[in-house]
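> Test case, fold it:
(one chain, ligands or ions: 1)
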Amino acid sequence: MSDIFDFDQRKDQYAVMGNPISHSKSPHIHSMFAAQTGQRLEYTAIQVDPGGFPQAVGNFDAAGGKGLNITVPFKQEAWALVNERSERAERAGAVNTIKFDGKTLYGDNTDGVGLVQDLTVNNHIALQGKSILLMGAGGASRGVLAPLLAQGPAGITIANRTVDRAVELAETFADLGNVHGCGFAELEGQQFDVVINATAASLQGDLPPLPDDILGSNACCYDMMYGAKPTTFMQWAASKGAVSVLDGLGMLVEQAAESFLLWRDVRPETRPVIDKLRQEMAG
Ligand code: ATR
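All right, here's what the predicted structure looks like:
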């Protein structure tokens, strides 16, 4: 990683930090947002070595940087590093957005609101009164639980391969709504309106061990992962008759729009950006 930033001083500077970072779509997304809203800014991708995160953030701040997105594996470290956190970042235990104002490092987490926006606004899936199954009990699940519960679902069941992690995670959020943690075997005989895959299983082309008849009528299945082709979970969902089968591309763009809003006080239109990315991925 380069420690010396040679910024174009005429433009406000933003970046995403992570490792690996070369495939990040964030610079492309934020450039489209900037063009659309007429904002003068530059957004780059910075690969950070393990152990080098605090230094990299300090250097970016010292060089006059205005804001950062943080991705794998530094979101928890970012949470610990910032001086102030939004309520949703506090709850998530992870920060994906930092705003610099000269003195403080303000940390937010826009992942959960990004997922909720994509479900409820882009895809018209109301969550109020619904039974939700959230698969996985890692950082991805933790980041979205509070915004999902804020929608007033009937309940959220967290299912995980390592059962203890699901039970512990559910306990952490129990004050915000009806949340229950369990293993996949315990799902037998239950049905859900919305099933969200927050496991890393799709990365390996794996499917979490779901019972066959878990989808209610009109069920929506959402994979937080995305790719040129439907994930294994999305293929499974389609074969089981899910009415909506969605990937995480919309969530990616929505969380970016929420970061942009925090930094620039303007929320870009997301639909044209989602459509453009979808086209590019297909081509
Ligand atoms: P993240 O921050 O992306 O959530 P993580 O904290 O490593 O990453 O968590 C990954 C999640 O995916 C965990 O819930 C993990 O289950 P375990 O807690 O039992 O490890 C889940 N996961 C990963 N690979 C999986 C697979 N092949 N099948 C089912 N669950 C899987």
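
> Centre of the chain to whatever helix or strand residue 256 lives in, how far?
Here residue 256 sits within helix 249-264, counting by DSSP states H and E. Remark: helix 249-264 is offset 10 Å from the chain centroid, using Cα atoms, centre = their mean, to the nearest Å.

> Which helix or strand lies directly C-terminal to that helix?
Scanning forward in sequence from helix 249-264 by DSSP H and E, the next helix or strand is helix 271-282.

> which residues make contact with that next one from outside it?
Contacts to helix 271-282, defined as Cβ atoms under 8 Å, 6 or more residues apart in numbering, come from residues 25, 28-29, 32-33, 36, 122, 226-228, 249-250, 253. Placement of C-beta: from N, CA and C, glycine included.

> Buried residues in that helix, which are they?
273-274, 277-278 (16 or more other Cβ atoms under 10 Å).

> got the CA coordinates for it in CSV?
Taking C-alpha atoms only, helix 271-282 is exported to CSV below (Å, rounded to 0.1, in the frame of the first residue of the first chain):
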residue,chain,number,x,y,z
ARG,A,271,-31.7,2.6,-9.7
PRO,A,272,-29.6,3.8,-12.7
VAL,A,273,-26.4,2.7,-10.9
ILE,A,274,-27.8,-0.8,-10.1
ASP,A,275,-29.0,-1.2,-13.7
LYS,A,276,-25.6,-0.1,-15.1
LEU,A,277,-23.7,-2.6,-12.9
ARG,A,278,-26.1,-5.3,-13.8
GLN,A,279,-25.5,-4.6,-17.5
GLU,A,280,-21.7,-4.6,-17.0
MET,A,281,-21.8,-7.9,-15.1
ALA,A,282,-23.8,-9.5,-17.8
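
> For residue 158, see how far away the residue in the stretch 51-200 of the chain that the ligand sits nearest to is.
Per Cβ to the nearest ligand atom, residue 138 is where the stretch 51-200 of the chain lies closest to the ligand, at 2.1 Å. Residue 138 is 11 Å from residue 158, where distance means Cβ to Cβ, to the nearest Å.

> which parts of the protein sit against the ligand?
136-140, 160-162, 165, 199-201, 204, 206, 208 (Cβ under 6 Å from any ligand atom).

> Just give me the closest of these to residue 59.
Closest approach to residue 59 among these (Cβ to Cβ): residue 139, at 25.1 Å.

> from memory that closest one sits against residue 94, does it?
Yes. With contact defined as Cβ atoms under 8 Å, residue 139 reaches residue 94; the gap is 5.5 Å.
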